[in-house]
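Q: pasting the sequence and the predicted coordinates here, then a few questions.
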Amino acid sequence: MGHLDHAAFGWLTPVLSYVMACIGAALGLRCTVRALGASGTSRRNWLITAASAVGTGIWTMHFVAMLGFGVTGTEIHYDVPLTILSLIVAVAVVGVGVFVVGYGRDRGRALAAGGLTTGLGVASMHYLGMAALRLHGDVRYDPVLVGLSVVIAVLAATAALWAALNIRSPLAVAVASLVMGGAVSSMHYTGMLAVSVRITESGAALPGATTMQFIFPLAVGLGSYLFLTSAFVALSPASGERKASVAAQRPAGGAAG
């Protein structure tokens with residue numbers, strides 16, 4: 001059996017992955033709040049941004065954490081198409097969840113359906129990402145811990161969508177994001193505790209890309225996207241602010257006329 005190291009760089013990767021999860025959650029919550037206060041194409045665009053933020057944040061959290069993952073006795077490479085597919089799945093399934101909540105008339109049913117769909121999507125992203133691992137050996141999973149990680153993912157997703165429906169103030173969103181970041185990180189590390197690796201001695205070259213060739217640059221790029229989108233959302237006026245601005249301009253226009 002190969003010894004698994006989940007934090008090869010100490011606390012750096014767990015803390016950084018938690019930060020990325022929190023940023024994705026905060027951005028997704030703010031965008032969903034904006035969407036619920038909008039209509040038409042504006043609502044759709046905010047929901048798309050929310051889905052991309054949450055999905056990207058979760059994916060980045062997972063693979064930043066994986067930067068610190070190692071197995072004694074073998075190198076680790078990643079299958080590029082499968083890794084990219086895990087990102088697409090994360091964004092797409094989170095998108096289904098936020099659109100169900102954004103357009104659902106019965107909020108209770110929308111929350112249940114959206115939470116289940118999004119949670120299963122988060123778990124699918126995690127295990128697709130793990131399926132992309134290429135190493136000299138066999139990866140095995142403890143089914144009990146796998147099941148627990150899926151339950152955590154569904155509960156975390158449902159809590160996030162509930163927060164999007166019920167929380168409005170920036171401070172409350174910030175607190176909810178910290179909790180959500182912790183929940184998503186817990187799901188990841190629970191899933192990683194389910195992993196064991198049986199090493200197979202081999203001198204053959206591993207297929208796929210190394211962490212520094214592929215995962216690191218992609219994680220940096222997506223992390224930059226999250227920071228830039230956060231700045232855009234922070235600087236973009238809310239619907240109430242836009243209405244106040246229009247109302248303030250009308251008397252001036254009338255006086256000029």
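A: Arrived safely.
Q: contacts and neighbour counts: CA atoms only from here.
A: Noted.
Q: chain center to the longest helix seen in the chain, what's the gap?
A: Across the chain, the helix with the greatest residue count (assigned by DSSP state H) is helix 40-66. Taking the mean of its C-alpha atoms, helix 40-66 sits 6 Å from the chain's own mean (C-alpha atoms, centre = their mean, to the nearest Å).
Q: in it, what's buried?
A: Using 16 or more other C-alpha atoms under 10 Å as the test for burial, helix 40-66 gives 43-66.
Q: what's it packed up against?
A: The contact analysis (3 or more C-alpha pairs under 8 Å, 6 or more residues apart in numbering; DSSP states H and E) places helix 40-66 against helix 12-36, helix 80-103, helix 107-131, helix 170-193, helix 216-235.
Q: what's the angle from the last one to helix 40-66?
A: Read that as helix 216-235. Angle, helix 216-235 to helix 40-66, by axes from the mean of the first three to the mean of the last three C-alpha atoms, to 10 degrees: 140 degrees.
Q: give me the contact list for helix 216-235.
A: Helix 216-235 is contacted from outside by 20, 23-24, 27, 30-31, 53, 56-57, 60, 63-64, 67, using C-alpha atoms under 8 Å, 6 or more residues apart in numbering.
Q: do stretch 132-139 as well
A: So stretch 132-139 is contacted by 74-80, 82-83, 195-202, 206-208 (C-alpha under 8 Å, 6+ apart).
Q: just the buried ones from those residues, in ChimeraX syntax?
A: Command for ChimeraX that selects the buried part of the contacts of stretch 132-139, burial taken from 16+ other C-alpha under 10 Å:
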select :74,76,77,78,79,80,82,83,195,196,197,199,206,208
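Q: tell me the contacts of Ala123?
A: 149-150, 153.
Q: any idea how far it is from Asn45?
A: As judged by C-alpha to C-alpha, to the nearest Å, Ala123 and Asn45 stand 25 Å apart.
Q: next one: Val94
A: 14 Å.
Q: do the same with Ala110
A: 19 Å.
Q: again, but for Thr158
A: Taking C-alpha to C-alpha, one finds Thr158 at 22 Å from Asn45.
Q: again, but for Thr13
A: Distance from Thr13 to Asn45, by C-alpha to C-alpha: 32 Å.
Q: secondary structure element for the residue nearest to Leu116 when sequence neighbours are not counted?
A: Counting by C-alpha to C-alpha, 6 or more residues apart in numbering, Val154 is the residue found nearest to Leu116 once chain neighbours are left out, at 5.4 Å. Using DSSP states H and E, the secondary-structure element containing Val154 is helix 143-166.
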